[in-house]
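1. Based on what follows, work out the 3D shape:
(2 chains)
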Amino acid sequence: MAGKRLGKQTLRLSSPPSVISNATIVGPKEGEGPLAQYFDIILKDDYFGEDSWEKAESKMLKEAVKNAIKASGRSSTNINFMFAGDLLNQIVSSSFAARDLQIPFVGLYGACSTMAESMCMGSLLLDGRFAEAVVCATSSHFSSAERQYRFPLEQGVQRPPFAQWTVTGAGAAVLAEAGNGPYVTHLTIGKVLDFGIKDANNMGAAMAPAAVDTITAHLNETGRSPEYYDMIVTGDLGKVGKTITLDMMEKEGFEIQNVYDDCGYMIFDAEKQDTHAGGSGCGCSAVVLNGHIMKEMKKGNINRVLFVATGALLSPTTTWQGESIPSIAHAVAIENTIGEGI
Amino acid sequence: MDYLKAFIVGGVICLIGQLLMDHTKLTPARILVSFVTIGAILQGLGLYQAIVDFGGAGATTPLTGFGYTLAKGAMKEIKEAGILGAFTGGTKAAAGGVAGAIFFGYVMAMLFNPKSKK
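-> You can find the predicted model right below:
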């Protein structure tokens, strides 16, 4: 274990796994957004040929996993584990997809932090030599999430102006012990934090402290400065949470505004697309990472990324019972070359 | 002239709802339930009838009108059937509206599939 633990939360992988392929599928609205050119498949109809949105979401996840495996040049029998999770009750999008894929499956629940959580778990197995290749994936669907967390769309409830918009999309990444990068070099596992925010429509504000805590822990424990990274990117804090994060990071003594962005802020054009505070959902950070960020890394335009996916760990029942929103953030450092920094 | 009055009264009620949506943290469900309750209370105090007399369907169609119907029916039934009317009257008066909503809701659910918002 010597040298692998850099502190309470941060782990340094001694043989950093390589991200060998990625796949994304998004809905029509995401396909009209500013990142459209980076997505592999843009659906014309968000039913995806199914008769319910839940089935459509599961199919998106399954297809993203299949496409990522195909792009990796391996067959699914050579993928040792699948790590996946989603927002629906009992993570059915993931487990129903895994039913068809027949890859040994570890279901995860980390709400919208799932992309980072799955990559953390996958990387640990690879670094521990328990696997040669794993696939990490997650999904969300605007209409199934509305039914899960708010109201069924059939009810026609008006969206309040401060709400975020759940991204319809699925992203998958194949990680392998051998490859040409980009490499997963460090992981910072988050703690569950709760600053007492109770408004389920204001998740950005609820999750920002978790993101700040994890980023701060990562920088302190690795000894890296924010400028070490070309990009520090949070999952789905949106416009409100992004501003809070910048303020709070400054109070922690880190100036990150030059390298900082948020997937929820990047994926939609808030003005043109009427998405109010920005995108959210597991699929949000998953498609921005596996689409935009990984493609830019493979082109060499960005070389070092700290991917910090954030999750609000509430359930509809806890909201009804007046509980506040606990949140978590996990960070994954992805770099084109290994052995730099520490 | 009736159309104009209905348009203005209905519009003002909806405007109040929209202002609550945009400027308060009330959930849509709470706003809807408050509207029914406020309609019932106003009619209980004998006030909503005046709005209905002026605005017609503009006052009876929004949810406050549903509260008005419940209160009006309950009060009428109390006069005719005694205290039990407080429980039966409102439901009887609103029966047409409730059964209509369920029936048409069912028919529409059979005919169409929901679509995602754009």
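2. Please count neighbours and contacts with C-alpha atoms only from this point.
-> Fine.
3. any chance you could map the helices in chain A?
-> Applying DSSP state H to chain A gives helices spanning A:53-72, A:92-101, A:114-127, A:142-149, A:203-222, A:238-251, A:263-266, A:270-273, A:282-287, A:294-299, A:316-320.
4. Most tightly packed of these?
-> Mean neighbour count (mean count of other C-alpha atoms under 10 Å in any protein chain shown) peaks for helix A:282-287 among the helices of chain A, with a mean of 35.
5. so what does that one touch, helix or strand wise?
-> If contacts are counted by 3 or more C-alpha pairs under 8 Å, 6 or more residues apart in numbering or on different chains; DSSP states H and E, helix A:282-287 sits against strand A:18-26, helix A:114-127, strand A:133-140, strand A:169-176, helix A:263-266.
6. would CSV of the ones you listed with distance to chain B and mean pLDDT be doable?
-> Output for the helices and strands packed on helix A:282-287, formatted as CSV (distance: least, C-alpha to the nearest C-alpha, whole Å; pLDDT from 0 to 100):
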stretch, distance to chain B, mean pLDDT
strand A:18-26, 14, 98
helix A:114-127, 24, 98
strand A:133-140, 14, 98
strand A:169-176, 14, 98
helix A:263-266, 17, 96
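7. Which among the ones you listed is found nearest to B:Thr37?
-> If you check each of those against B:Thr37 by C-alpha to C-alpha, strand A:133-140 wins as the nearest, at 36.8 Å.
8. relative to strand A:169-176, how tilted is that closest one?
-> Going by axes from the mean of the first three to the mean of the last three C-alpha atoms, to 10 degrees, strand A:133-140 is angled at 170 degrees with respect to strand A:169-176.
9. ok, back up a step: which of the helices of chain A has the lowest average pLDDT?
-> Least confident of the helices of chain A, judged by mean pLDDT, is helix A:270-273 with a mean of 86.
10. Distance from the chain centre to that helix, please.
-> How far helix A:270-273 lies from its chain's middle: 22 Å, per C-alpha atoms, centre = their mean, to the nearest Å.
11. Just the residues contacting it, thanks.
-> Here helix A:270-273 makes contact (C-alpha atoms under 8 Å, 6 or more residues apart in numbering or on different chains) with A:33, A:276-278.
12. related to what we said a few turns ago, could you dump the helices of chain A to JSON lines with distance to A:Ala333?
-> Output for the helices of chain A, formatted as JSON lines (distance: least, C-alpha to C-alpha, whole Å):
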{"stretch": "helix A:53-72", "distance to A:Ala333": "20"}
{"stretch": "helix A:92-101", "distance to A:Ala333": "25"}
{"stretch": "helix A:114-127", "distance to A:Ala333": "10"}
{"stretch": "helix A:142-149", "distance to A:Ala333": "28"}
{"stretch": "helix A:203-222", "distance to A:Ala333": "9"}
{"stretch": "helix A:238-251", "distance to A:Ala333": "18"}
{"stretch": "helix A:263-266", "distance to A:Ala333": "16"}
{"stretch": "helix A:270-273", "distance to A:Ala333": "28"}
{"stretch": "helix A:282-287", "distance to A:Ala333": "14"}
{"stretch": "helix A:294-299", "distance to A:Ala333": "12"}
{"stretch": "helix A:316-320", "distance to A:Ala333": "32"}
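13. mind giving me a markdown table with the helices and strands packed on helix A:282-287 and columns for distance to B:Gly44?
-> Converted to a markdown table, these look like this (distance: least, C-alpha to C-alpha, whole Å):
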| stretch | distance to B:Gly44 |
| --- | --- |
| strand A:18-26 | 52 |
| helix A:114-127 | 53 |
| strand A:133-140 | 47 |
| strand A:169-176 | 51 |
| helix A:263-266 | 48 |
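14. Go through the ones you listed and name the closest to A:Leu306.
-> Nearest to A:Leu306 among these is helix A:114-127 (10.3 Å), distances taken as C-alpha to C-alpha.
15. can you count the residues close to B:Lys118?
-> By the criterion of other C-alpha atoms under 10 Å in any protein chain shown, B:Lys118 has 8 neighbours.
16. and it, how far is that from chain A?
-> 7 Å (C-alpha to the nearest C-alpha, to the nearest Å).
17. For that residue, give me its contacts.
-> Contact analysis of B:Lys118 by C-alpha under 8 Å, 6+ apart lists A:Lys29.
18. One more pass at 10 Å, please.
-> B:Lys118 makes contact with A:28-29, A:273-275 under the criterion C-alpha atoms under 10 Å, 6 or more residues apart in numbering or on different chains.
19. Ok, A:Ile41 next?
-> Here A:Ile41 is in contact with A:23-28, A:31, A:60, A:63-64, A:169 (C-alpha under 10 Å, 6+ apart).
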